[in-house]
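K.L.:
Turn this into a model:
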Amino acid sequence: MDQEHPAEQAPESPSESDPPQVSGPTTEPQSVFPPGLTARVELTVTDVDTAQAVGSGDVPVLGTPRVLALAEAATVAATASRLPAGMTTVGMRVELDHRVPTAIGRTAVAQARLAKVDGRRLLFEVAVTEGATTVAEGRVERVLVDRHRFVERALGTA
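P.N.:
From the prediction side, this is the model:
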C-alpha cells in the first residue's frame, strides 16, 4: 500500500530529551504498546518521491525525506490500532542511515518494531528495504500525547 505521511515534529521542550508536556492516558503505555509490535508499509517510488522532487538533491532516486516518511509511517501503523481514545503519537527523534539509492518504479518496504517503551516514549527500530537490499535503517522515537491538547498547543489556543 502506498502511503505518504509527512514527518511529524514534537513542540520544543526545555530539554531535547524531554517529551512534550501534555496529559497522558490513564493506562500505562507498556500495557497498551508491548515491545515487539511490528508494522510494514510499502511505497512504489514515483517521480514525486525523488530527491529532485522533494528538494533534497538533484538525482532521480528515492529522496531521504521520503525514506524517513516511509519509516515513520511504519511506526504509526504499528500503534494505530492500539491507541487509547483521544490519544496519538508524535515523532520526537530520528536516527536514520540512508545507504542505498532506490530507482523510480522500485518498491521500498519499511518495517518498524517497537523495541522499548519508557513512560510515554516509544522507541522503534526501523529498516527500509528493496528486495533483499537494506536501503536505510535506524531508530524513530515517538511520544504518546493527548491529540486535542497537542493541537491546541500547536495552534497557540491552549
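
K.L.:
is it true that Ala103 touches Val61?
P.N.:
Yes: counting by C-beta atoms under 8 Å, Val61 is a contact partner of Ala103 at 5.8 Å. Placement of C-beta: from N, CA and C, glycine included.

K.L.:
which residues are common contacts for the two?
P.N.:
Listed as contacting both Ala103 and Val61 by C-beta atoms under 8 Å, 6 or more residues apart in numbering are Val45.

K.L.:
Give the residue from the two that has the larger number of neighbours.
P.N.:
Using other C-beta atoms under 10 Å, the more surrounded residue of Ala103 and Val61 is Val61, with 17 against 11.

K.L.:
Could you report the distance from that one to Thr88?
P.N.:
32 Å (C-beta to C-beta, to the nearest Å).

K.L.:
same check, this time on Leu70
P.N.:
19 Å.

K.L.:
Pick out whichever of those two has more residues nearby.
P.N.:
Higher neighbour count among Leu70 and Thr88: Leu70, with 27 against 19, using other C-beta under 10 Å.

K.L.:
neighbouring contacts of the helix or strand harbouring the more buried one?
P.N.:
Leu70 is part of helix 64-80 when elements are defined by DSSP states H and E. The contact list for helix 64-80, computed with C-beta under 8 Å, 6+ apart, reads 3-8, 33, 37-41, 43, 45, 49, 51, 54, 56-57, 89, 91, 94, 96, 98, 102, 108, 110-114, 122, 124, 126, 128, 135-136, 138, 140, 142.
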